[in-house]
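Colleague: model the structure of this input:
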Amino acid sequence: MIRTDAGMSTSRFCQLIDMPERTWRRWQAKARAERPVKGPWPQPARDAARPLVTAHALKKPEWGHRKIWAMTRHDGHKVSQATVPRLLRDDGLILPSEYQQQRRELAKDRKAAFARNPTGPNRVWQLDFSEFETTTGGTWRIAGCRDWFS
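Modeller: Coordinates of the predicted model:
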């Protein structure tokens, strides 16, 4: 339809979309013969693994497909590593592509919380704040330095 509307020859169109002309002709012959398209094929491996993979993905949404695959194998179900991301993609449970970028931005914000960036290991103070209520209605507030590093 696009080709005929543009008045383009078949060979020019195939060259433009980088497809062998023989493939184009074969597809057109199939369309004219009105043969049914092949598939969908049965997917017994996916169907068997789907409940377990979905359960792991919903239990820990931050896990990636490799961790879910490992946990599924640990639970005793034989599943290939490529099947797990396919299942997650089918169910809409795969992490967005910008997930790592969001994590890096959060790490930048955490790093900005320091007045002076630590210059090496063991250069950070850690404080512990506790609050206790007494039996007479009073409140004790305690702030203690748990660890200090020079």
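Colleague: report the secondary structure state of the residue of the chain most remote from its centre.
Modeller: Centroid-distance maximum for the chain: Thr136 at 52.5 Å, with CA atoms, centre = their mean. With DSSP: H, G, I helix; E, B strand; the rest coil as the basis, Thr136 sits in coil.
Colleague: now swap in Glu131 and tell me
Modeller: With three-state DSSP as the criterion, Glu131 reads strand.
Colleague: distance check, it against Gly137.
Modeller: The spacing between Glu131 and Gly137, counted by CB to CB, to the nearest Å, is 14 Å. In short, each C-beta sits where N, CA and C put it, glycine included.
Colleague: who's more crowded, these two?
Modeller: Comparing Glu131 with Gly137 by neighbour count (other CB atoms under 10 Å), the higher total belongs to Glu131, at 9 against 6.
Colleague: how about that one: what's its closest non-neighbour residue?
Modeller: Arg141 (5.3 Å; CB to CB, 6 or more residues apart in numbering).
Colleague: that neighbour belongs to a strand?
Modeller: Yes - the assignment for Arg141 is a strand, going by three-state DSSP.
Colleague: wait, it sits on Glu133?
Modeller: No - here Arg141 lies out of contact with Glu133, judged by CB atoms under 8 Å, at a distance of 10.5 Å.
Colleague: put the alpha carbons of the longest helix that the chain contains into CSV.
Modeller: Longest helix of the chain, by residue count under DSSP state H: helix 44-59. Output in CSV follows, covering the C-alpha atoms of helix 44-59 (Å, rounded to 0.1, in the frame of the first residue of the first chain):
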residue,chain,number,x,y,z
PRO,A,44,5.2,-25.7,27.7
ALA,A,45,8.4,-24.5,29.4
ARG,A,46,7.0,-21.0,29.9
ASP,A,47,3.6,-22.2,31.1
ALA,A,48,5.2,-24.5,33.6
ALA,A,49,7.6,-21.8,35.0
ARG,A,50,5.1,-18.9,34.9
PRO,A,51,3.6,-19.3,38.4
LEU,A,52,7.0,-19.6,40.2
VAL,A,53,8.7,-16.8,38.2
THR,A,54,5.7,-14.5,38.8
ALA,A,55,5.7,-15.2,42.5
HIS,A,56,9.4,-14.4,42.9
ALA,A,57,9.0,-11.2,40.8
LEU,A,58,6.1,-10.0,42.8
LYS,A,59,7.7,-10.9,46.2
